[in-house]
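S.K.: can you look at this prediction? I've put the sequence above it.
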Amino acid sequence: MISIIDYRAGNLTSVKRALDFLGIGCVITHDENVLRKSERIIFPGVGNAAAALPVIRERGIDEALREAFALGVPILGICLGTQIILSHSEEGDTECLGLIPGEVKKFLLSDPSLKIPHMGWNDLLIRREHFLLKDIAAGSRMYFVHSFYPQPGDASMVFAECDYGITFPCAIGLRNLFATQFHPEKSGPAGLSVLKNFAAWEPKG
């Protein structure tokens, strides 16, 4: 069973709907005790990091995630969930969970024709192999909605990038944690492949 974390930050229903479509068992929960017993965890979200962190800490989700990460439980971050797993966010000068060392950066674009937030479909530029990107063709289009992007401290943690005025990481990972700035649940067949791969993923080390 996959637990989808509820911290009042949106897009939970669309993630559950995608997993239901794939026939993958899941539950939406904000109960830290349920998370501690989960076989797999999805940490989704849209919105503001500074607003989300107090809810995450109040519900004990931060410690449950740290424990799951330490125990090797497969974890998938999506959009805001991807940003919150890093050390610090420029959005509200916010200290985050620090599961992956790195910063969340604000888009600073010189091209006035490019609007923020970055919203819509864009090409996935795969840089390194990962089980969750298995069978996904280079250049597959994924769906994005964001004004900030993840920047891990170590380039080896970047598995895919995207171009939007700058080239930014859009899929990052470390051990049993993988995270996407794009929304796999809204990205058609390629995005569904990410979710299907996650359900079968057995991280090593």
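M.R.: Thanks, I have the structure now.
S.K.: list the strands paired with the strand ranked longest in the chain, with their directions.
M.R.: Ranked by residue count under DSSP state E, the longest strand found in the chain is strand 166-174. Each strand that pairs with strand 166-174, with its direction, by DSSP bridges: strand 158-164 (antiparallel), strand 177-180 (antiparallel).
S.K.: so which of these is the most packed in?
M.R.: strand 177-180 (a mean of 27; mean count of other CB atoms under 10 Å). All C-beta atoms are positioned from the backbone trio N, CA, C, and that covers glycine.
S.K.: pLDDT of it, averaged?
M.R.: For strand 177-180, the mean per-residue pLDDT is 98.
S.K.: tell me the SS of the closest residue to residue 132 other than its chain neighbours?
M.R.: Once flanking residues are discounted, residue 132 sits nearest to residue 197: 4.6 Å by CB to CB, 6 or more residues apart in numbering. Assigned by DSSP: H, G, I helix; E, B strand; the rest coil, the conformation of residue 197 is helix.
S.K.: which pLDDT value goes with residue 197?
M.R.: 98.
S.K.: cool, residue 205 as well?
M.R.: 61.
S.K.: which residues does residue 147 contact?
M.R.: Contacts of residue 147 were listed using CB atoms under 8 Å, 6 or more residues apart in numbering, and they are 91, 106, 107, 116, 117, 118.
S.K.: ramachandran angles for residue 27?
M.R.: Note on residue 27: backbone dihedrals following degrees, to the nearest 10 are phi -140, psi 140.
S.K.: quick check: bridge partners of it?
M.R.: residue 3.
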